[in-house]
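> my questions concern the predicted model and sequence given below.
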Amino acid sequence: MRSTHELQAMTSKTIGILGPGDMGHAVGRALRDRSYRPLTCLAGRSSRTRKLAAAAGFDDSASLAALVDAADLVLAILPPAAAEGLAGDVATAMAVANAFPPYVDCNAVSPATVRAIGDVINAVGAPFIDAGIIGLAPGKDTPRFYVSGPDTDPMEALDGCGFTVRPIGAEIGRASGLKMCYAGLTKGTWTLQTSVLMAAEALGLSAELKEEFAFSQQAQLAIMEARVPWLPADSERWIGEMEEIAATFRDAHVTPAFHDGAAEVFRLLARTPFAQETRETMDSNRTLEEAVRVYVEQLGRKEDGKPR
């Protein structure tokens, strides 16, 4: 491993970030505040993403080929369902531009998926780093970027830029595997809590269950009141994450059923009216009871919202 001085000397100055969503734009702002140039490509992106990128001080590249030509390092921070497609597009852009900056996949995907992504990037001659992000976005927290791969120095050079970079080995898949195990507990627990509350509501036992929770499970009740009413805003992108966790567990010979079920819960939440909200427009006054009543309305409905 290189010394701190050597890492600082090789620090990349233009950082491509695809894309500047909830996490990506905050990472870009943290880098900009430390004299880096965050660069993205907003072609085809939503108006909300464009606003986030502008507020964080991103430069917009005309194309992916122009981005990889200008970038010293490229970070992919997207919903997991988009990870493999983006890697293919970036690999094509690298070949067109004849530019091969290190590519860091920071998406919540299984070790098998990240290895496949690494193969795509390596095939065009670019270095590849596996990364898993744990924690809230910079500004709200100091997230940890766990990284693995043959050479993680380009990411380690960014340690302290609003986030911590922690190398955990030379094997591609280790960083993503850690992220899968961690999110399997956190997001998996939220879906279990949601399922318990929906079952109690459907059985007419919500008041009684809440009274017991207030007596014997105060900490869990506080978590449910703080988190469950606002899960729908993120539910669509978390479906794919639960599927990737299930695949990780399956490959490890652990039952995937818990997280296959978690994906089903997020599919249900994505059908509720609350799923149209963003983190900027969520109703902060919504109670746990109000949210669960709306969730239960979706029980027994098909994915198109119609009764079975």
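Arrived safely.

> show me where the stretch 101-250 of the chain has helices.
111-123, 153-156, 174-202, 206-216, 218-227, 232-251 (DSSP state H, counting those that start in this stretch).

> CSV for those helices, including distance to Arg267 and mean neighbour count?
For every residue, glycine as well, the C-beta is placed using N, CA and C. Converted to CSV, these look like this (distance: least, C-beta to C-beta, whole Å; neighbours: other C-beta atoms under 10 Å):
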stretch, distance to Arg267, mean neighbour count
helix 111-123, 20, 20
helix 153-156, 33, 22
helix 174-202, 10, 20
helix 206-216, 22, 13
helix 218-227, 18, 14
helix 232-251, 6, 22
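
> nearest to Ala263, of the ones you listed?
Using C-beta to C-beta as the measure, helix 232-251 is the one of the helices of the stretch 101-250 of the chain that comes nearest Ala263, at 3.8 Å.

> for the closest one, output the C-alpha coordinates as PDB.
Output of helix 232-251 as PDB, limited to C-alpha atoms (Å, rounded to 0.1, in the frame of the first residue of the first chain):
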ATOM      1  CA  PRO A 232     -42.200   4.100  -0.300                       C
ATOM      2  CA  ALA A 233     -40.200   7.000  -1.600                       C
ATOM      3  CA  ASP A 234     -37.200   4.700  -1.900                       C
ATOM      4  CA  SER A 235     -39.000   1.400  -2.500                       C
ATOM      5  CA  GLU A 236     -38.700   1.200  -6.300                       C
ATOM      6  CA  ARG A 237     -34.900   1.300  -6.300                       C
ATOM      7  CA  TRP A 238     -34.700  -1.000  -3.200                       C
ATOM      8  CA  ILE A 239     -36.500  -3.800  -5.000                       C
ATOM      9  CA  GLY A 240     -33.400  -4.600  -7.000                       C
ATOM     10  CA  GLU A 241     -31.200  -4.300  -4.000                       C
ATOM     11  CA  MET A 242     -33.200  -7.000  -2.200                       C
ATOM     12  CA  GLU A 243     -33.000  -9.200  -5.200                       C
ATOM     13  CA  GLU A 244     -29.200  -8.800  -5.200                       C
ATOM     14  CA  ILE A 245     -29.100  -9.600  -1.500                       C
ATOM     15  CA  ALA A 246     -31.200 -12.700  -2.200                       C
ATOM     16  CA  ALA A 247     -28.700 -13.700  -4.900                       C
ATOM     17  CA  THR A 248     -25.800 -13.200  -2.600                       C
ATOM     18  CA  PHE A 249     -27.300 -15.400   0.100                       C
ATOM     19  CA  ARG A 250     -28.200 -18.000  -2.400                       C
ATOM     20  CA  ASP A 251     -24.600 -18.200  -3.700                       C
END
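
> can you lay out the helices of the stretch 101-250 of the chain as a markdown table showing distance to Val27?
What follows is those, written out as a markdown table (distance: least, C-beta to C-beta, whole Å):
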| stretch | distance to Val27 |
| --- | --- |
| helix 111-123 | 18 |
| helix 153-156 | 12 |
| helix 174-202 | 15 |
| helix 206-216 | 36 |
| helix 218-227 | 23 |
| helix 232-251 | 17 |
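
> okay if I get those as JSON lines plus distance to Pro38 and mean pLDDT?
What follows is the helices of the stretch 101-250 of the chain, written out as JSON lines (distance: least, C-beta to C-beta, whole Å; pLDDT from 0 to 100):
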{"stretch": "helix 111-123", "distance to Pro38": "20", "mean pLDDT": "98"}
{"stretch": "helix 153-156", "distance to Pro38": "15", "mean pLDDT": "97"}
{"stretch": "helix 174-202", "distance to Pro38": "22", "mean pLDDT": "98"}
{"stretch": "helix 206-216", "distance to Pro38": "43", "mean pLDDT": "98"}
{"stretch": "helix 218-227", "distance to Pro38": "30", "mean pLDDT": "97"}
{"stretch": "helix 232-251", "distance to Pro38": "21", "mean pLDDT": "97"}
